[in-house]
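[1] got a predicted model here, sequence first, then my questions.
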Amino acid sequence: MSGDTVIFDPRTCQLMGVFNDLFADSCNTLLSGGGEEPVYLPAEGVDDCHQLIFRQDYFSSALHEIAHWCIAGEQRRQRVDFGYWYRPDGRSVNEQSAFEQVEIKPQALEWIFSVAAGQRFQISADNLSGDVGASDAFAVAVADQAQSWCVGCLPMRAALFAASLSEIFGGRDYLDPCHYRVGSLGS
């Protein structure tokens, strides 16, 4: 957590409330913001809670971290940041390709959460200082995965969370595959 106090806007407070109401007791996990960088910290002791921390007060960062958490299985939820590798900005083409492969499902789920919450979604290469951005194939794979979940079924925790987001924020028809087209990004 940063040393500065973060003041959350009302939507972000609602978002934290939705997550914590659903999962604080049932999954022993709390969502909080204000982090310098997003991170998942498993509980250290039996009386502790797992912590899912998103960057500053960024609504989209929270949705992205929640997407990772919803996908992570029990074993991954026992590891810091779910045991994923992370190479910061400045990735090579090969490193960016590896990043994209592990980000398809989280970004597809983040997109669904964004629609459910009436929030704008943008594909992220997360490689701001590198010369390599998100590939067209990555954007298509994210859209395909989101559409697949719409006609199939979402992971259980994701389904609960998306339904609650829709109820609180009014994002209707979030499971309509028409929302998840590469050409509709940013709208």
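    That came in fine, so what should we check first?

[2] thought Ala108 was touching Ile123, still the case?
    No. In this structure, Ile123 is not within contact of Ala108 by C-beta atoms under 8 Å, at 10.0 Å. Backbone N, C-alpha and C define where each C-beta goes, glycine included.

[3] overlap in contacts, the two.
    For the pair Ile123 and Ala108, residues contacting each of them under the criterion C-beta atoms under 8 Å, 6 or more residues apart in numbering are Val142.

[4] what ranges in this protein fall below the confidence cut-off?
    Judged against pLDDT under 70, the low-scoring parts of the chain cover residues 1-4, 85-91, 96, 125-134, 184-187.

[5] spatially nearest residue to Leu165 (excluding sequence neighbours)?
    Ala116 (3.9 Å; C-beta to C-beta, 6 or more residues apart in numbering).

[6] quick one, what contacts the one you found?
    With contacts taken as C-beta under 8 Å, 6+ apart, Ala116 has the following neighbours: 162-163, 165-166, 169, 171, 174.

[7] list only buried entries from the residues you listed.
    Neighbour-count burial within these applies to 162, 165-166, 169, 171, 174; the criterion is 16 or more other C-beta atoms under 10 Å.

[8] before we move on, back to that, nearest to Ser32 among the contacts of Ala116?
    Of all those, Leu165 has the smallest distance to Ser32: 17.6 Å, by C-beta to C-beta.

[9] nearest residue to the middle of this protein?
    Nearest to the geometric centre of the chain sits His64, at 1.7 Å (C-alpha atoms, centre = their mean).
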